[in-house]
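K.L.:
sequence? don't have it. structure:
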């Protein structure tokens, strides 16, 4: 059976980790890091993940290895859901085939059993293996990750785990029909001999077989009769592991349903919650619009006793806090081998032994004994040739030199039962490891193996996302003032001369063939992106249009300066850098949401921080400027808890922590509030669920949380003149332990002024998207000391909002999502997003001087065709506001089941409080969200003011005073987009052959599955 390993990623800014994929005809296995950017790299490579059901994560459980795990699981879950019907049909066919072979087609009971067995074999299930704290990492995301029908088994591997009694000393840790796996956890020296595991058995670390939950948490095997593991028979750590594992199970395989409602007396409803009633006339479920329990003082007893229908929260969200844990030091490596290959079947031997041709020959070939015509037993050894050890490789992950001795001392290296057939070693090395003499001596000792090294020193920071980079290169040809060639190098920091002869550098696309013979192939390596070749592909027509645009910019320079003079002092020099402009999930061309704002004299901040925002920063800014960005970073604002808006936060904070604090945590006993420096500190401003996640993850890894200012912000209610309040986050568990009066006093004492962040004001409003979604307006201090200052508004994801226009009144810039083109109005309404015209309407409604459109659902959003009117000021803004339908100021939860289940759920614990109900739930048809069938033919918008507009692409850098220039480039961009949308047969064939188009051109294929991180 042919099998091989391919290198998907090497250490670059786009892909900080090393990821391999092991190919078999029937399955795929991911091995190595599942860092941020891994999923996007797979899309770029054309690597199909539908057949992946096992992931073997190497190294330690820390964000650099697991930052892409949540997104990867969500993608695999969505892919599995989309193929569920196909799997069911495949199971039926397999059962029929087996029934025919065994002659039991007429036996209904037997056929039911066969179909059930086949269904289990084809059911979607993901197993993830790695170091301790993997379960805990996923469980911290319980408030914003939710999928159904995708069981996830997390197997944690720790130092000190032994074999079960009676098991072969060298039995593999795990095995399936294709491979055998030996796991090698290692602790750093000198701590390797001082394991803190205390004999506690980690999940799935010794048995190659699937085990029951009893076996998982008991060192001794469970008798076949089945013994019950009681709480008293477990250690506290085992109980904690069981709790966390149960949370993870509910996150991905829950039976909770959005459309199941429970009868509850109105007085017992806990808010916030969406209430429903059954219409007595139509017997249909309708949304309840009567008085709420919070008004109980004004309600009659009959009204309080009225029966309404409410949801119960999904179980994972009921866990207020997780058991304590601490950073795990174990780093895991693997030895992976194919099964022994049986020898060639010799039919002449079978005939001589009187074995009937057909089924019995197949049985012998499969390794099973049969009876011949004379009733004699014939064994496979009697008819098969000499067997061959299956090919294999070792994947070693050494994050630091302190792990080298422990790994190289492992007895597996010199045990034939483990190493037979192993022909290659892939080294995943942290800084200083690959050049260590101990590693090089080991390579020389095992010179008969092929060695492949993947390390930051030996792998250049070349471009891994060819399509996005090539698109940026062509945009630079049109508008060189806003776009630069992404920062990269094709030369490694260390050459290979220091390594033993025959050692290979890991290259994206490189293959290590395991069967039928061992070899390392580089011909499949992805060619490096050629900037000159990419530029040469741009047509003369596009370049001619670009020249016209440059001329138009020069001609309009006086008008541009006049417009810029109307801005607040120094606002013209504020810079907007759009790092991620896509929606829902990362694609080849657009990363997920992140926008950097640089304000001279104040610092920098991020509006949202989607996966691999850090890598995007490294591509935009040269090394020195990147470090300056980190030093001046003052705030990260997270608009809502959909994962495409915040999964890059930890890595950005950690980079800031390394640069500013050199990874030194706040001293024990020091007060966070007292130590916060207004001029140099970093704050994360968001809803409590985000702060809770950051706090919980801090127990897994010291990424700098102790140095942060975690600030929650309440939603303003403009029509009631209720402003937002900013305050230090307090974990709910701390508040629950004190009295009501003490709680109120503590909350009051934690309220802070925007001046803590050196801001004049910060206001947020609830917007219609998901629970606790917020739009924000930030007013920066005036550099001149006057009343006029830079004011920036950011929508996050939402439908058009009147409240947002109110807090954003007089904004200098409005950055607004425009997920859908105008002809997709119905999609925008159903998924709680905005169209291009709606976004422009909101910006005009607040009287913004400029609008930046972002968060697009496709590669090339239709550019707005603008008609400038003569109006300006409040009157023009009011006229536009009246023309654009906007949501109410009050936050509403969507009642469309598909909307909530399409993307990860928001903080369900707050959205659906634990309602007390004494009845069983009723499954009902909920009233759907409204949709529209209006299909505008073009994106045309009449501006009633002198507002300037630009459409964002990844890596765009624009100063506020230069935004008027971007409209001049519209004809050139339209010409460029039309050219890139033309099909290219040669490029298509190349992409089909190796999963990558060198120049990143051609049509973007349809994204498989539904939006895995938001609900777009």
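P.N.:
Okay, I see it. Note that the coordinates shown come from a computational prediction; the quantities given were computed from them, not determined experimentally.
K.L.:
as a whole number, average confidence for stretch 468-480?
P.N.:
If you average the pLDDT over stretch 468-480, you get 96.
K.L.:
buried ones in that stretch?
P.N.:
468, 469, 470, 471, 472, 473, 474, 475, 476, 477, 478, 479 (16 or more other Cβ atoms under 10 Å). Every residue, glycine included, has its C-beta placed from N, CA and C.
K.L.:
Tell me if I am right that the fifth one is in a helix.
P.N.:
Yes. According to DSSP: H, G, I helix; E, B strand; the rest coil, residue 472 belongs to a helix.
K.L.:
ok, it - contacts?
P.N.:
Applying Cβ atoms under 8 Å, 6 or more residues apart in numbering, one finds that residue 472 lies in contact with 483, 484, 485, 486, 953, 954, 955.
K.L.:
Setting the sequence-adjacent residues aside, check what's closest to it.
P.N.:
Computed as Cβ to Cβ, 6 or more residues apart in numbering, the closest residue to residue 472 that is not its neighbour in sequence is residue 955, at 4.9 Å.
K.L.:
And the first one, by the same measure?
P.N.:
Spatial nearest neighbour of residue 468, excluding adjacent residues (Cβ to Cβ, 6+ apart): residue 589 at 5.4 Å.
K.L.:
now swap in the last one and tell me
P.N.:
Sequence neighbours aside, residue 969 is the residue nearest to residue 479 in space, at 5.2 Å (criterion: Cβ to Cβ, 6+ apart).
K.L.:
which residues in the stretch 101-250 of the chain form helices?
P.N.:
Assigned by DSSP state H, counting those that start in this stretch, the helices in the stretch 101-250 of the chain fall at 108-122, 134-139, 213-217, 236-252.
K.L.:
meant to ask about the stretch 701-850 of the chain, not that
P.N.:
Using DSSP H, counting those that start in this stretch, the helices found in the stretch 701-850 of the chain span residues 732-736, 740-749, 802-807, 825-830, 836-845.
K.L.:
coming back round to it: phi, psi of the residue nearest to residue 479?
P.N.:
When quoted as degrees, to the nearest 10, the phi and psi of residue 969 stand at phi -90, psi 0.
K.L.:
residue farthest from the centroid of the chain?
P.N.:
Using Cα atoms, centre = their mean, the residue of the chain lying farthest from its centre is residue 374. It sits 62.4 Å away.
K.L.:
got the contact list for it?
P.N.:
Taking Cβ under 8 Å, 6+ apart as the contact definition, residue 374 lies against residue 354.
K.L.:
what about it, which SS state?
P.N.:
Following three-state DSSP, the label given to residue 374 is coil.
K.L.:
Then residue 631?
P.N.:
Per three-state DSSP, the secondary structure class of residue 631 is helix.
K.L.:
In this structure it contacts residue 660, no?
P.N.:
Yes. Counting by Cβ atoms under 8 Å, residue 631 touches residue 660, with 6.0 Å between them.
K.L.:
now the strands for the stretch 501-650 of the chain?
P.N.:
Here the stretch 501-650 of the chain has its strands, by DSSP state E, counting those that start in this stretch, at 504-505, 511-515, 519-521, 575-580, 594-599, 603-609, 633-637.
K.L.:
Equivalent analysis for the stretch 51-200 of the chain, please.
P.N.:
For the stretch 51-200 of the chain, strands defined by DSSP E, counting those that start in this stretch occupy the ranges 52-57, 126-130, 152-156, 174-175, 179-186.
K.L.:
Quick one: those as a markdown table, columns for mean pLDDT, mean neighbour count and distance to residue 324 too.
P.N.:
Supplementary listing: the strands of the stretch 51-200 of the chain in a markdown table, determined by pLDDT from 0 to 100; neighbours: other Cβ atoms under 10 Å; distance: least, Cβ to Cβ, whole Å:
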| stretch | mean pLDDT | mean neighbour count | distance to residue 324 |
| --- | --- | --- | --- |
| strand 52-57 | 94 | 23 | 23 |
| strand 126-130 | 93 | 23 | 20 |
| strand 152-156 | 92 | 23 | 16 |
| strand 174-175 | 94 | 20 | 29 |
| strand 179-186 | 96 | 24 | 21 |
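K.L.:
Can you tell me which of these is nearest to residue 842?
P.N.:
Residue 842 lies closest to strand 152-156 among the strands of the stretch 51-200 of the chain, at 39.4 Å (Cβ to Cβ).
K.L.:
Between helix 236-252 and that closest one, find me the angle.
P.N.:
If you take axes from the mean of the first three to the mean of the last three Cα atoms, to 10 degrees, strand 152-156 sits at 150 degrees to helix 236-252.
K.L.:
Now do strand 152-156: which elements does it pack against?
P.N.:
Contacts defined by 3 or more Cβ pairs under 8 Å, 6 or more residues apart in numbering; DSSP states H and E place strand 152-156 against strand 126-130, helix 134-139, helix 236-252.
K.L.:
Burial-wise, tell me which of these comes out on top.
P.N.:
The highest average neighbour count among the helices and strands packed on strand 152-156, using mean count of other Cβ atoms under 10 Å, belongs to helix 134-139 at a mean of 26.
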